[in-house]
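**Student:** Structure for the following, please:
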Amino acid sequence: MSCRWAVGVFAFALPALMGCSGGLELYPVKGTVTYKGKPVPAGVVWFDPDATTGSAAPQGFAYIKDGAFDSAANGRGVAGGTYLVRVEGFDGKPGNELPLGKPLFATFEQKTDFPKARSELALAVPPGRP
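**Tutor:** From the prediction side, this is the model:
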């Protein structure tokens, strides 16, 4: 094995190890999601950096299971700052072309400011949503 080959492999692997964060430190977000006072059975929480701030942070996400989510377990955290948090909630009963089940409500959105540290977030989707 030549040094040139090893350098080539390292140069290829480094971006993969860094992920899509562009070198930004990402912090995990965990929390809960309720709808009509009950835990959301399944879904996804998306963390979209606020485009109006010129943030170069990547989009984060976490999967909801039984009303709880944790980006450290199966997702990607946030870099800190203002994010648009979007919640997609489902009944958790998989069917044809519906791996998470039927939607419970239209996508819920709220702006949230995250610190540059681990965060916890309790999301309560308002009951009047279709």
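
**Student:** Quick one: residues contacting residue 46.
**Tutor:** When contacts are counted by C-beta atoms under 8 Å, 6 or more residues apart in numbering, residue 46 touches 59-61, 85-88. Backbone N, C-alpha and C define where each C-beta goes, glycine included.

**Student:** name the element it belongs to?
**Tutor:** Secondary structure assignment for residue 46, by DSSP states H and E: strand 42-49.

**Student:** helix/strand/coil for the closest residue to residue 71 other than its chain neighbours?
**Tutor:** Distances taken as C-beta to C-beta, 6 or more residues apart in numbering put residue 62 closest to residue 71, at 4.1 Å, once the chain neighbours are dropped. Recorded secondary structure, residue 62: strand (DSSP: H, G, I helix; E, B strand; the rest coil).

**Student:** So residue 62 sits against residue 75, correct?
**Tutor:** Yes. The criterion here is C-beta atoms under 8 Å, and residue 62 meets it with residue 75 at 3.8 Å.

**Student:** follow-up on the earlier one: report the rounded mean pLDDT for the strand holding residue 46.
**Tutor:** Across strand 42-49, pLDDT averages out at 98.

**Student:** Check stretch 99-112 too.
**Tutor:** In this model, stretch 99-112 carries a mean pLDDT of 96.
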